[in-house]
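Student: need a structure here:
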Amino acid sequence: MSTTRLTDRDLLAELEPVADQQLRRHEQVAEEWFPHEYVPYSQGRDFDTEPWTPDHSRLTGVAQIAFEVNLLTEDNLPSYHREIFEMFGTGDGAWINWTHRWTAEEGRHSIVLRDYLTVTRAIDPIELERGRMQQMMTGYDRDGKDALRGMAYVSFQELATRISHRNTGRYSNDPVADRIMARISKDENLHMIFYRDLVGAALHLDPSRVIEAIAAEVQAFVMPGAGMRDFNRKAVQIAKAGIYDLRVHHDDVIWPLLRHWGVFDVEGLDEAAEQAREQLSGFLTGLDQMATRFDEKRTARAARETARTG
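Tutor: The predicted structure follows:
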């Protein structure tokens, strides 16, 4: 492994053949699908003659919240496209071709989710539209992260989104919703693999910078929907339901990627990277402890609820 620290421009140039290879692989394995084939349009009714009321919903309260959060997160696609475009640069090579492909695929997610929620009257369409307006006007900004931190972040974020979507579908107790979320999750998994493997390739080019980037993103990670209205309250409810909580984040998002990259096995790091890895180790220990406490509180709360109702 090289110990040379590369500039973003040089790193992206070195990684472009890998990006091209990953893009070609993605195009070969990605399945074509069509949102209209997943939405039960026959259940639709006109809202001008039959306005929405809460009793129309086929989803439980927490499932409603999870679907809303997932959709409004997907709605911010214009901001994500801008950020990835700026991160990878312009031109007509693999980076820009991936950016366009990724954006096109992600666009289907908000289409199918909104159509499903509207047709089945699962969520108040007026509040949903107001939420979309607020979320898109807030936008998303990667806060000046360099390309390595950006790639590390989207690796974790795509995996987190995949799991959140999949668990939301299962929790919904609706076969139609479950099928939609399973389909979206397949896309998110392939997107995660693209970024994950680029980070892995970067480890061989600039291991110290990559380890620092990974450590920084694990410790600073927030979901891209964090800017939406009442996000913290909704995230707590989603966590209490077990759809996406600290244990899921620690066990099913962070550690699978850290193991895949062999973060704690990389040798030849400089002093700053070694220090960052030590800080990461301490952070993971604390996160595991927090996840355990949250699980214990949830179990105790469920036991009290059972005792009251039983």
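Student: and stretch 122-142, average pLDDT?
Tutor: Stretch 122-142 carries an average pLDDT of 91.
Student: meant to ask about stretch 238-257, not that
Tutor: Here stretch 238-257 scores 96 as its mean pLDDT.
Student: which other helices and strands does the helix or strand bottoming out on mean pLDDT in the chain contact?
Tutor: Using mean pLDDT, DSSP states H and E, the weakest-scoring helix or strand in the chain turns out to be helix 77-88, at a mean of 90. When contacts are defined as 3 or more C-beta pairs under 8 Å, 6 or more residues apart in numbering; DSSP states H and E, helix 77-88 sits against helix 94-119, helix 147-171. Where C-beta positions appear, they are placed from N, C-alpha and C, glycine not excepted.
Student: let's see that with 7 Å instead.
Tutor: Helix 77-88 is packed against helix 94-119, with contacts defined by 3 or more C-beta pairs under 7 Å, 6 or more residues apart in numbering; DSSP states H and E.
Student: which is the next helix or strand following the helix it packs on?
Tutor: Going down the chain from helix 94-119, the next helix or strand is helix 125-138, by DSSP states H and E.
Student: not counting that following helix itself, show me its contacts.
Tutor: With C-beta atoms under 7 Å, 6 or more residues apart in numbering as the test, helix 125-138 has contacts from 47, 52, 68, 72, 75-76, 78, 117-118, 227-229.
Student: that helix to helix 94-119, inter-axis angle?
Tutor: Counting by axes from the mean of the first three to the mean of the last three C-alpha atoms, to 10 degrees, helix 125-138 lies at 160 degrees to helix 94-119.
Student: list the buried residues in helix 125-138.
Tutor: For helix 125-138, the neighbour count (16 or more other C-beta atoms under 10 Å) marks 128, 131-132, 135 as buried.
Student: restrict that helix to CA atoms and write it as CSV.
Tutor: Provided in CSV are the C-alpha atoms of helix 125-138 (Å, rounded to 0.1, in the frame of the first residue of the first chain):
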residue,chain,number,x,y,z
PRO,A,125,-51.8,14.0,0.8
ILE,A,126,-52.0,17.7,1.7
GLU,A,127,-49.5,17.3,4.6
LEU,A,128,-47.4,15.0,2.5
GLU,A,129,-47.1,17.8,-0.2
ARG,A,130,-46.4,20.4,2.4
GLY,A,131,-43.6,18.2,3.8
ARG,A,132,-42.2,17.7,0.3
MET,A,133,-42.1,21.5,-0.2
GLN,A,134,-40.4,22.1,3.1
GLN,A,135,-37.9,19.3,2.6
MET,A,136,-36.9,20.4,-0.9
MET,A,137,-36.6,24.0,0.1
THR,A,138,-34.3,23.0,3.0
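Student: can you count the residues close to the closest residue to Lys186 other than its chain neighbours?
Tutor: Nearest residue to Lys186, sequence neighbours excluded (C-beta to C-beta, 6 or more residues apart in numbering): Glu31, at 7.0 Å. Other residues within reach of Glu31, judged by other C-beta atoms under 10 Å, total 8.
Student: residues in contact with the helix or strand where Ile211 lies?
Tutor: In the assignment (DSSP H and E), Ile211 maps to helix 207-220. Residues outside helix 207-220 that contact it (C-beta under 7 Å, 6+ apart): 1, 3, 5, 148-149, 152-153, 156, 199, 202-203, 254, 261, 263, 266, 268-270, 272-273, 276-277, 279-280, 283.
Student: quick one on the thing from earlier: adding distance to Glu106, write the contacts of helix 125-138 out as a markdown table.
Tutor: Below are those laid out as a markdown table (distance: C-beta to C-beta, whole Å):
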| residue | distance to Glu106 |
| --- | --- |
| Phe47 | 27 |
| Trp52 | 27 |
| Glu68 | 18 |
| Leu72 | 14 |
| Asp75 | 10 |
| Asn76 | 10 |
| Pro78 | 11 |
| Leu117 | 17 |
| Thr118 | 19 |
| Gly227 | 18 |
| Met228 | 17 |
| Arg229 | 22 |
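Student: so which of those residues comes closest to Ile238?
Tutor: Glu68 (10.2 Å; C-beta to C-beta).
Student: how far away is that closest one from Arg114?
Tutor: 11 Å (C-beta to C-beta, to the nearest Å).
Student: shaky segments in this protein?
Tutor: Applying pLDDT under 70 to the chain flags the ranges 1-4, 90-91, 310.
Student: any idea which helix is longest in it?
Tutor: Scanning the chain for the longest helix, with DSSP state H as the assignment, gives helix 271-309.
Student: what angle do that one and helix 207-220 make?
Tutor: Using the same axes, to 10 degrees, helix 271-309 lies at 30 degrees relative to helix 207-220.
Student: buried sites along helix 271-309?
Tutor: Using 16+ other C-beta under 10 Å as the test for burial, helix 271-309 gives 273, 276-277, 280, 284, 287-288, 291, 298.
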